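Student: coords please:
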Amino acid sequence: MHSTVMVNSYCQTKKYLNSFINYERKAFFSYKKDLNLKRVYLLLEYLDVPYARLKTIHIAGTKGKGSTASFCAFMLAASGYKVGIYTSPHLFDFRERIQLVHSSRLGQGFSGQAQSIVDSKLISKKDVTKIVKKFKRYLENSKRPKALEDLSFFEVHTAIAFRYFLDRKVDFAVLETGLGGRLDATNVVNPLVSVLTHIGYDHTDKLGKSLRQITFEKAGIIKKGVPVICSAQNRVSLKEITFKCKLKKAPLFVYGRNFLAKDIRLGKESTCFDFEFSNLKLRNLKIRLKGKYQVENSSLALAVCELLRSKGMVKNKIGFKKGLKSTNLEGRFEVLSRKPLIVVDIAHNVSSFAALSDNLRIYLPSKKVILIFACSKDKDAKNMLRKINYSYLILTRFNNPRSSNPREIKKTCNLRNTFITFNIKQALNKAISIYDKDSVIGISGSLFIVSEAKKELQKVPL
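Tutor: Numbers count the residues shown, from 1 in each chain. Model prediction:
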């Protein structure tokens with residue numbers, strides 16, 4: 001702990017938070033040894049954070065967690081509730097991880113009816129500083145429990161999120177796991193609903209080499225008697241989830257079996273579909289996030305909200321349509337520029353690269369793909385790249401110790417039509433030099449490279 005660091009300003013607060021162990025900047029660490037849920041329970045008790053008072057929705061999975069969390073939060077907010085949402089990682093500022101989503105009145109429209117918008121707001125710098133300043137007094141106390149000496153950035157940040165949501169008296173808190181589920185700092189909660197999005201191969205050095213092992217870790221969020229909303233899964237994962245649900249006597253609802261989206265219409269700017277779950281039938285729902293997989297993510301969120309309503313946990317009329325239509329997220333098949341055409345996507349594993357490939361085929365079928373790629377050292381670069389039908393590949397790196405060396409990727413993957421660069425600026429310059437009107441520049445492989453691309457393009461607008 002850096003007891004000499006003051007926290008009177010936001011800048012000082014960030015410096016203090018950065019003094020904690022940050023596993024997001026470490027490519028390799030011992031998942032089972034370094035992540036310790038008992039330490040999180042002790043931390044929250046020691047800091048006097050009564051997190052059990054929060055009404056939570058807990059989400060784990062390999063891909064789609066952030067989107068599903070946002071759909072949940074925006075629909076509940078559209079229903080008149082104040083909702084806290086906790087996600088990770090972030091693109092620019094770690095305050096993005098802790099947000100409030102709420103509905104704001106705009107006055108009356110031409111019809112005389114009250115008009116409102118659903119919007120999200122980051123935790124303020126002032127609130128971060130106030131909470132951390134209070135925590136620091138406890139964490140720097142010489143009588144603190146010895147077990148709290150090896151706290152991680154994510155554990156402290158989770159405590160900040162819980163404290164903020166309690167202070168703001170949120171009606172619901174939607175929580176996304178950081179890594180895995182069983183040992184994740186968020187897994188101290190006993191949620192109203194647990195959600196499992198698509199599970200595939202990722203973080204295999206930490207969660208396990210097999211799908212059964214990975215699913216065991218993700219399904220660790222399943223609690224006794226708490227209903228589970230689940231994506232369509234591979235056979236191995238579904239078997240493991242079903243076993244865990246039976247063991248915990250947790251009702252299981254699976255996409256395609258208990259609820260589903262129908263008549264999916266993919267448009268250039270939005271996607272429309274119908275939804276059914278038990279007696280609920282919704283028609284002409286619209287989302288702005290692109291891709292068939294976002295239909296499934298939004299369907300998971302729809303099922304969550306309907307389940308909460310049917311159990312009497314949500315009293316208000318649910319704003320299904322308004323909430324879905326209001327949800328928007330950066331970095332999900334996002335167009336940054338039209339001339340040249342540049343699309344970024346935070347896909348960072350084999351499953352999400354398969355989804356990215358589908359989107360390129362659906363939305364840009366005739367375009368040659370110039371792919372700028374960078375990934376973390378623990379990722380399966382070879383199989384990620386096999387999913388994309390690119391014409392040119394530009395390998396690069398991002399400014400983080402976890403970043404893979406582009407030369408090593410080229411060597412181990414035996415790649416074709418490949419250029420080596422060492423930062424996003426070089427990569428963009430190379431891509432633009434070979435771009436023509438029949439091309440699209442795609443940037444993917446990690447949230448970190450997408451973040452750097454967005455920053456670079458903001459500095460030098462095209």
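Student: Tell me which other helices or strands the helix or strand residue 241 falls within touches.
Tutor: Using DSSP states H and E, residue 241 maps to helix 235-248. Identification of packing neighbours for helix 235-248 by 3 or more CB pairs under 8 Å, 6 or more residues apart in numbering; DSSP states H and E yields helix 211-218, strand 228-230, strand 252-254. For glycine as for every other residue, the C-beta is placed from the backbone atoms N, C-alpha and C.
Student: residues of that helix that come out buried?
Tutor: 237, 238, 240, 241, 242, 244, 245, 248 (16 or more other CB atoms under 10 Å).
Student: I'd like the residues you listed laid out as TSV, including pLDDT and distance to residue 222.
Tutor: Listed next are those as TSV, based on pLDDT from 0 to 100; distance: CB to CB, whole Å:
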residue	pLDDT	distance to residue 222
237	97	13
238	98	13
240	98	10
241	98	8
242	98	11
244	98	5
245	98	6
248	98	5
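Student: where does the stretch 1-150 of the chain have low pLDDT?
Tutor: The model of the stretch 1-150 of the chain has pLDDT under 70 over residues 1-4, 27, 105-115.
Student: what ranges do the strands span in it?
Tutor: Assigned by DSSP state E, counting those that start in this stretch, the stretch 1-150 of the chain shows strands spanning 56-60, 83-86, 98-108, 114-122.
Student: Determine how far the shortest one lies from the middle of the whole chain.
Tutor: Pointing back at strand 83-86 there. In terms of CA atoms, centre = their mean, to the nearest Å, the centre of strand 83-86 is found 12 Å from the chain centre.
Student: List of residues touching it?
Tutor: 54, 69-70, 73, 76-77, 97-102, 120, 158, 161, 164-165, 168, 170-176, 186 (CB atoms under 8 Å, 6 or more residues apart in numbering).
Student: let's see it at 6 Å
Tutor: Applying CB atoms under 6 Å, 6 or more residues apart in numbering, the contact partners of strand 83-86 are 69, 73, 76-77, 98-99, 101, 161, 165, 170, 172-175.
Student: next one: stretch 398-408
Tutor: Stretch 398-408 is contacted from outside by 25, 27, 374-377, 395-397, 420, 448-449, 452, using CB under 6 Å, 6+ apart.
Student: quick one on the thing from earlier: can you show me the CA trace of the helix holding residue 241 as PDB?
Tutor: What follows is helix 235-248, C-alpha atoms only, in PDB (Å, rounded to 0.1, in the frame of the first residue of the first chain):
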ATOM      1  CA  ARG A 235     -23.500 -29.700 -25.400                       C
ATOM      2  CA  VAL A 236     -20.600 -30.000 -22.900                       C
ATOM      3  CA  SER A 237     -21.400 -26.600 -21.300                       C
ATOM      4  CA  LEU A 238     -25.100 -27.100 -21.100                       C
ATOM      5  CA  LYS A 239     -24.600 -30.500 -19.400                       C
ATOM      6  CA  GLU A 240     -22.300 -28.900 -16.800                       C
ATOM      7  CA  ILE A 241     -24.700 -26.000 -16.200                       C
ATOM      8  CA  THR A 242     -27.700 -28.300 -16.000                       C
ATOM      9  CA  PHE A 243     -25.900 -30.500 -13.400                       C
ATOM     10  CA  LYS A 244     -25.000 -27.400 -11.300                       C
ATOM     11  CA  CYS A 245     -28.600 -26.100 -11.400                       C
ATOM     12  CA  LYS A 246     -29.900 -29.400 -10.200                       C
ATOM     13  CA  LEU A 247     -27.400 -29.500  -7.500                       C
ATOM     14  CA  LYS A 248     -28.300 -26.000  -6.300                       C
END
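Student: Kindly calculate the angle that that helix makes with helix 211-218.
Tutor: The directions of helix 235-248 and helix 211-218 differ by 40 degrees, with axes from the mean of the first three to the mean of the last three CA atoms, to 10 degrees as the criterion.
Student: need the strands of the stretch 1-150 of the chain in a markdown table with mean neighbour count and distance to residue 291, can you?
Tutor: Putting these into a markdown table (neighbours: other CB atoms under 10 Å; distance: least, CB to CB, whole Å) gives the following:
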| stretch | mean neighbour count | distance to residue 291 |
| --- | --- | --- |
| strand 56-60 | 27 | 18 |
| strand 83-86 | 27 | 21 |
| strand 98-108 | 17 | 22 |
| strand 114-122 | 15 | 21 |
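Student: Can you say which of the helices and strands packed on helix 235-248 is packed in most?
Tutor: strand 228-230 (a mean of 28; mean count of other CB atoms under 10 Å).
Student: any idea of the mean pLDDT for that strand?
Tutor: Averaging pLDDT along strand 228-230 gives 98.
Student: hmm, back to that, so which of the contacts of strand 83-86 comes closest to residue 200?
Tutor: Residue 200 lies nearest to residue 69 out of the contacts of strand 83-86, by CB to CB, at 18.2 Å.
Student: Pretty sure that closest one sits against residue 59.
Tutor: Yes - using CB atoms under 6 Å, residue 69 makes contact with residue 59 at a distance of 5.3 Å.
Student: so what sits against both of those two?
Tutor: Common neighbours of residue 69 and residue 59 (criterion: CB under 6 Å, 6+ apart): residue 176.
Student: tell me the contacts of residue 438?
Tutor: Residue 438 sits next to residue 368 when contact means CB under 6 Å, 6+ apart.
Student: got a pLDDT number for it?
Tutor: pLDDT, read off for residue 438, is 97.
Student: what do you get for residue 415?
Tutor: 79.
Student: do the same with residue 319
Tutor: For residue 319, the model assigns a pLDDT of 94.
Student: Roughly how far does the residue nearest to it when sequence neighbours are not counted sit from residue 72?
Tutor: Nearest non-adjacent residue to residue 319, counting by CB to CB, 6 or more residues apart in numbering: residue 78, 2.9 Å away. Separation of residue 78 from residue 72 (CB to CB, to the nearest Å): 11 Å.
Student: And the two? Which one has more around it.
Tutor: Using other CB atoms under 10 Å, the more surrounded residue of residue 78 and residue 72 is residue 72, with 32 against 28.
Student: Report the separation between the nearest residue to the more buried one once chain neighbours are set aside and residue 131.
Tutor: The shortest distance from residue 72 to any non-neighbouring residue, by CB to CB, 6+ apart, is to residue 301 (4.3 Å). The gap separating residue 301 from residue 131 is 28 Å, by CB to CB.
Student: Which one of these two is surrounded by more residues?
Tutor: Shown here are residue 301 and residue 131; by other CB under 10 Å, residue 301 has more neighbours (29 against 23).
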